[in-house]
Every structure is written in structure tokens, then in C-alpha cells.
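>>> sequence first, then the predicted structure:
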Amino acid sequence: MNLAMLKPGEKGKITKMGALGSLKRRLMDMGVLVGEEVQVEKIAPLGDPIEVTIKNYQLSLRKKEAEGIAVEVVK
């Protein structure tokens, strides 16, 4: 399952980063790291961007970026 598949209000734990190069570095600099818990806050009407909360701050990701982040659902 990837981050883009979560619905608003659902939480997930990041298990794998599929992004490469500068995108991976940028995401890691923003705190998107393996083992971190992320919650989807809202999704734009057309599905892009996706707003998430990670480490107590809000972050907007493009759907394509979110699809490269593998998560497991946390209840």
C-alpha cells in the first residue's frame, strides 16, 4: 500500500521510500523517513495534492510523490 491510497483521517507508518535522487533527499529533509507515522488530513477534489501531517507539521505532496512512499496502516 502507498501513501496515496490512504483516505483522509487514516494513519500509516512509512515502510519504504521509493523516491530517487533529489526528490528522496527533499522528502527526507522534510522529515519523511522510514518508521515515521503519517496521517492524511485532506485530499484535493481532483486527488492532487494530498495534505498530510508528519512530526506535528502539515505537508502537501503531489499524488505522484505520495505513490512512491510505501506505508502500512496504523489503527
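Received it, and whenever you're ready, just let me know what you need.

>>> pLDDT score for the closest residue to residue 68 other than its chain neighbours?
Excluding the flanking residues, the one nearest residue 68 by C-beta to C-beta, 6 or more residues apart in numbering is residue 18, at 3.7 Å. In this view, the C-beta of every residue, glycine as well, is placed from N, C-alpha and C. The per-residue pLDDT reported for residue 18 equals 81.

>>> may I have the phi/psi pair for residue 72?
phi -120, psi 140 (degrees, to the nearest 10).

>>> quick one: it from residue 29, how far?
Distance of residue 72 to residue 29, computed by C-beta to C-beta, to the nearest Å: 23 Å.

>>> repeat that for residue 5.
Distance from residue 5 to residue 29, by C-beta to C-beta: 24 Å.

>>> likewise for residue 54?
Distance from residue 54 to residue 29, by C-beta to C-beta: 12 Å.

>>> would you map the strands across the chain?
Using DSSP state E, the strands found in the chain span residues 11-17, 37-43, 50-54, 57-61, 69-74.

>>> need the winner for burial among those strands.
For these, the largest average neighbour count (mean count of other C-beta atoms under 10 Å) is found in strand 50-54, namely a mean of 19.

>>> what sits up against that one?
By C-beta atoms under 8 Å, 6 or more residues apart in numbering, the surrounding residues in contact with strand 50-54 are 3-4, 30-32, 36-44, 58-63, 66.

>>> quick one: least confident helix or strand in the protein?
Ranked by mean pLDDT, DSSP states H and E, the weakest helix or strand in the chain is helix 21-29, scoring a mean of 84.

>>> what are the contacting residues of that one?
In contact with helix 21-29 (C-beta under 8 Å, 6+ apart) are residues 17, 19, 65, 68-69.
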